[in-house]
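Undergrad: Any chance you could fold what I've pasted below:
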Amino acid sequence: MSKTLLIYRLGSIGDTVVALPCFHAIARAFPRDRRIALTNIPVSGATSSLAEVLGGSGLIHGELAYPVGTRSPMALLRLRREILATGADRMVYLMPERSPLALRRDLLFLKTCGIDDAIGVSQETLRLRRLNERTGEVERECARLARSLTKLGPIDLGAPASWDLMLTPNEREIARKHLPEGPFLAINMGGKLASNDWGADKWTALLQMLSRRHPALGLVIVGGADDRERAECARLAWSGSTLNLCGKLSVRATAASLERAALFIGHDSGPMHLAAAVRVPLVALFGDNNPPKKWHPIGARQICLHDMCGVRRIAIDEVLASVEKLLLETVGSHCRVSRELCDLAAERSEHR
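TA: Take a look at the predicted model:
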């Protein structure tokens, strides 16, 4: 490795996964560089860091802790010393939309750290999110990030390789040892924000319906340690085999376990983005926390149900219809799927 390249990206699992195509593009553009992520570690006690998502992938070779929100001169001086010690003179700017003042402040500080070249900030029109005035939908975050890196060449968001987490054989073996032998449905009921919560009552009703319709399917619940108690309650609604993996696996082993699922259902959360990255069919539930499309995944066999009046406004039958539609497409015609449910799912997906 000849030089060091900084990659400035804050956030947790979802923020990291939507930037995966960019991390792959950076690795292609700078294959010999030592790529160091400048990121917040940890994000919070209940969430996971960028390093937990990409560590071991080869897309980054290390990380520096960025003290989010600090105004402490001592903390900033310490960070400056750490950046200077890397010898980096260029960086890739993968931050969310920033005000001109905040952007200038970032670049000024990084300039004092020896960073002369900041890739991804040169053209404001490329860096800012686009709005479809006809539909009111905003551009997906992954698309905005990819446009900001046009200097590195085209980034194909539709290519499965762009979303490759580079899971290792060992991570897949860990997942295999934890998982049941037969087919299973994976769910995640957690998330950082209460406004993204569909509600325990709706989850219970949905799981009861699905377990009656698909007795051959097991249920695997993934998430963090804070989700474990709630997951134990959800298991009672499933008549077949169940497994609570909340807090038991690393982020990357969780992704490897989702890779083996027949289908995933979950809130707007980190595990949902992991499921999208490993290309498992999924139903994702979105509320009013973010505008439509912004954090929607990209890929085939994905249904995003998004209600700007709140996630709890999404009907149980609507989720059930979407699940049944995907199961019919992916598992086969032996699934008990009513034509009415499939028609409902098709109608709703056209308007999402």
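
Undergrad: ok, which stretches of this structure are helices?
TA: 13-17, 20-29, 50-54, 73-86, 100-112, 124-127, 141-148, 169-178, 200-213, 228-235, 251-258, 270-277, 316-330, 339-350 (DSSP state H).

Undergrad: mind giving me JSON lines with those helices and columns for mean neighbour count and distance to residue 219?
TA: C-beta: built from backbone N, CA, C; applies to glycine. Formatted as JSON lines, the helices of the chain follow (neighbours: other CB atoms under 10 Å; distance: least, CB to CB, whole Å):
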{"stretch": "helix 13-17", "mean neighbour count": "26", "distance to residue 219": "22"}
{"stretch": "helix 20-29", "mean neighbour count": "21", "distance to residue 219": "28"}
{"stretch": "helix 50-54", "mean neighbour count": "25", "distance to residue 219": "25"}
{"stretch": "helix 73-86", "mean neighbour count": "14", "distance to residue 219": "44"}
{"stretch": "helix 100-112", "mean neighbour count": "13", "distance to residue 219": "44"}
{"stretch": "helix 124-127", "mean neighbour count": "14", "distance to residue 219": "42"}
{"stretch": "helix 141-148", "mean neighbour count": "22", "distance to residue 219": "30"}
{"stretch": "helix 169-178", "mean neighbour count": "15", "distance to residue 219": "14"}
{"stretch": "helix 200-213", "mean neighbour count": "17", "distance to residue 219": "7"}
{"stretch": "helix 228-235", "mean neighbour count": "16", "distance to residue 219": "7"}
{"stretch": "helix 251-258", "mean neighbour count": "26", "distance to residue 219": "13"}
{"stretch": "helix 270-277", "mean neighbour count": "29", "distance to residue 219": "14"}
{"stretch": "helix 316-330", "mean neighbour count": "21", "distance to residue 219": "12"}
{"stretch": "helix 339-350", "mean neighbour count": "14", "distance to residue 219": "20"}
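
Undergrad: pretty sure residue 145 contacts residue 19?
TA: Yes. Taking CB atoms under 8 Å as the contact criterion, residue 145 and residue 19 are neighbours in contact, 5.5 Å apart.

Undergrad: shared neighbours of the two, anything?
TA: Taking CB atoms under 8 Å, 6 or more residues apart in numbering as the contact rule, residue 145 and residue 19 both touch residue 94.

Undergrad: Show me how the record splits the chain into domains.
TA: Domains of the chain are assigned by automatic domain parsing as 4-163, 169-350.

Undergrad: want to try CSV for these, with mean pLDDT as columns?
TA: Putting the domains of the chain into CSV (pLDDT from 0 to 100) gives the following:
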stretch, mean pLDDT
domain 4-163, 89
domain 169-350, 89
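
Undergrad: pLDDT wise, what is the nearest residue in space to residue 57 that is not next to it in sequence at?
TA: For residue 57, ignoring the flanking residues on the chain, the nearest one in space by CB to CB, 6 or more residues apart in numbering is residue 166 at 3.8 Å. The confidence metric pLDDT takes the value 98 at residue 166.

Undergrad: What residues does residue 166 make contact with?
TA: Residue 166 sits next to 56, 57, 58, 59 when contact means CB under 8 Å, 6+ apart.

Undergrad: could you dump these to a markdown table with distance to residue 100?
TA: Conversion of the contacts of residue 166 to a markdown table gives the following (distance: CB to CB, whole Å):
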| residue | distance to residue 100 |
| --- | --- |
| 56 | 37 |
| 57 | 34 |
| 58 | 35 |
| 59 | 30 |
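
Undergrad: And these, which of them are buried?
TA: Neighbour counting with 16 or more other CB atoms under 10 Å marks 56, 57, 59 as buried within the contacts of residue 166.

Undergrad: Contacts only, for residue 177.
TA: Taking CB under 8 Å, 6+ apart, one finds nothing in contact with residue 177.

Undergrad: quick one: it from residue 249, how far?
TA: 10 Å (CB to CB, to the nearest Å).

Undergrad: ok, now residue 243?
TA: 11 Å.

Undergrad: Could you do residue 144 as well?
TA: 31 Å.

Undergrad: how about the nearest residue to residue 152, chain neighbours excluded?
TA: Among residues not flanking residue 152 along the chain, residue 29 sits closest, at 4.5 Å (CB to CB, 6+ apart).

Undergrad: Kindly report the same for residue 311.
TA: Distances taken as CB to CB, 6+ apart place residue 287 nearest to residue 311, at 3.0 Å, with adjacent residues excluded.

Undergrad: Pull up the gap between that neighbour and residue 203, please.
TA: Counting by CB to CB, the gap from residue 287 to residue 203 is 15 Å.
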